[in-house]
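The following block contains a protein sequence and its predicted model.
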Amino acid sequence: MFTLGGGYVMIPLIEKEVVSKRKWINNDEFTEMLTLAQSAPGAIAINTAVFVGYKIHGTKGMLATVLGTVIPSFTIILLVAIFFTAIENNETIERIFCGIRPAVVALIAVPVVNMLKNKGFKINVIIITVMSAIAVWLLGISPVIVIVIAGICSIIYNTFISKQC
Amino acid sequence: MLSLLIQLFITFFKIGLFGFGGGYAMLSMIQYEVVDNHQWLSIKEFTDIIAISQSTPGPIAINSATYIGYTATGGNILGSAVATFAVCLPSIIIMLIVCRFFLNFRKNKYVSAALKGMTPAAIGLIAAAALMLMNNNNFTDYKSVMICVISFILAYFFKVGIIKIIILAGVFGYFLF
């Protein structure tokens, strides 16, 4: 409910609530859960909710935590959508968003640089990143296909070519 | 209407299923499907939704599904519900299977090998999302470029929060355009 800016921002909040305050799961389980939630497809917050809910109270617990995560976002965005579609063509709003749109581009570029930095700017990581960016941006290939091909190539490479895996 | 709801469901299920790397990596998928493929939104509207998602609580994937479901159906709440449910469903199915049977699935040789390549590819998808938004619709003149560069510097070097940057950019936009 009080998380702005997407999944990664939510992690410390989830930790405080679920591990420190309510002691639903312990610290090791939380770390393991995070890697799982980040590796599996989908929104990280939802993945985490499924894991915590299932761990505490099976399928029913899972339903409760997922609904608990989705309902606040859903309600807020729905209200914003209803309000915003009504005022979208307002001249003042249009001018404000003319300023916001370029900022959005910058705000998406920042995590790219941060994530590459976390990977230590390794050359093979950068090559895959650049190749998939070009595939989607310039060649118009579906991102789904890019992700699937990256996974398959990586399995082939790590299983048959590189022995250090 | 029903066929539109089914299309919304399939599209967002696909986005949820292949959305490795969290919300930002899913943006390019949402854009590919919703703007290019189905043309439910213009690129401008899509950028506005990202801005709104970034400045409201909750995961970006859920926010965009709710918003797009509403606008694509011409203002029907059912569209929001279907799209939001569809984008969560793959997470629920996959995480339940993993929790039940493969708690150490990440240690599996093939899974970890696949993830090694998929993580950098997901970063590339985020980069693609940013690049695809750098077009004539969103960048009208040098003032837009200026706002973009300043926002990047504020966010990256000075760690200024997303909300503050969006508000600042909005104020600049109001006076400059």
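Yep, it's here.

Pull the contacting residues for the closest residue to chain A within chain B.
Here chain B gets closest to chain A at one residue, B:Gly173, 1.8 Å apart by C-beta to the nearest C-beta. For glycine as for every other residue, the C-beta is placed from the backbone atoms N, C-alpha and C. Residues near B:Gly173 by C-beta atoms under 8 Å, 6 or more residues apart in numbering or on different chains: A:95-100, B:147.

quick one: the most centrally placed residue in chain B from B:Leu78, how far?
What sits nearest the mean C-alpha location of chain B, by C-alpha atoms, centre = their mean, is B:Leu27, with 2.9 Å. B:Leu27 sits at a distance of 24 Å from B:Leu78 (criterion: C-beta to C-beta, to the nearest Å).

what do you get for A:Lys55?
Counting by C-beta to C-beta, the separation of A:Lys55 from B:Leu78 is 32 Å.

Counting neighbours, go ahead and name the busier of the two.
A:Lys55 (17 against 13; other C-beta atoms under 10 Å in any protein chain shown).

Confirm for me that that one is in contact with A:Val19.
No: counting by C-beta atoms under 8 Å, A:Lys55 does not reach A:Val19; the two are 11.8 Å apart.

Overlap of the contact sets of these two?
Counting by C-beta under 8 Å, 6+ apart, the shared contacts of A:Lys55 and A:Val19 are A:Ile25.

Report the distance from stretch B:20-34 to the chain centre.
Chain-centre distance of stretch B:20-34: 5 Å, with C-alpha atoms, centre = their mean, to the nearest Å.

how far does it stretch from start to finish?
Length of stretch B:20-34, first residue to last, C-alpha to C-alpha, to the nearest Å: 18 Å.

Stretch B:54-64 too?
Counting by C-alpha to C-alpha, you get 10 Å between the two ends of stretch B:54-64.

burial of residue 17, as a residue count?
Chain wasn't specified; assuming chain A. 13.

Please refer instead to chain B.
So B:Leu17, with other C-beta under 10 Å, has 19 neighbours.

show me the contacts for it.
B:Leu17 neighbours (C-beta under 8 Å, 6+ apart): A:41-42, B:90, B:94.

helix or strand for it, which one?
According to DSSP states H and E, B:Leu17 maps onto helix B:2-18.

now that helix: how far from the chain's centre is it?
In terms of C-alpha atoms, centre = their mean, the centre of helix B:2-18 is found 15 Å from the chain centre.

Can I get that helix as CSV, trimmed to CA atoms?
The C-alpha trace of helix B:2-18 is given here as CSV (Å, rounded to 0.1, in the frame of the first residue of the first chain):
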residue,chain,number,x,y,z
LEU,B,2,-16.2,-10.6,-24.7
SER,B,3,-13.5,-11.1,-27.4
LEU,B,4,-11.8,-7.9,-26.2
LEU,B,5,-11.8,-9.3,-22.6
ILE,B,6,-10.4,-12.6,-23.8
GLN,B,7,-7.6,-10.7,-25.8
LEU,B,8,-6.8,-8.7,-22.7
PHE,B,9,-6.6,-11.8,-20.6
ILE,B,10,-4.3,-13.6,-23.1
THR,B,11,-2.1,-10.6,-23.6
PHE,B,12,-1.6,-9.9,-19.9
PHE,B,13,-1.2,-13.6,-19.1
LYS,B,14,1.6,-13.7,-21.6
ILE,B,15,3.2,-10.6,-20.1
GLY,B,16,3.0,-12.1,-16.6
LEU,B,17,4.4,-15.5,-17.8
PHE,B,18,7.4,-14.1,-19.6
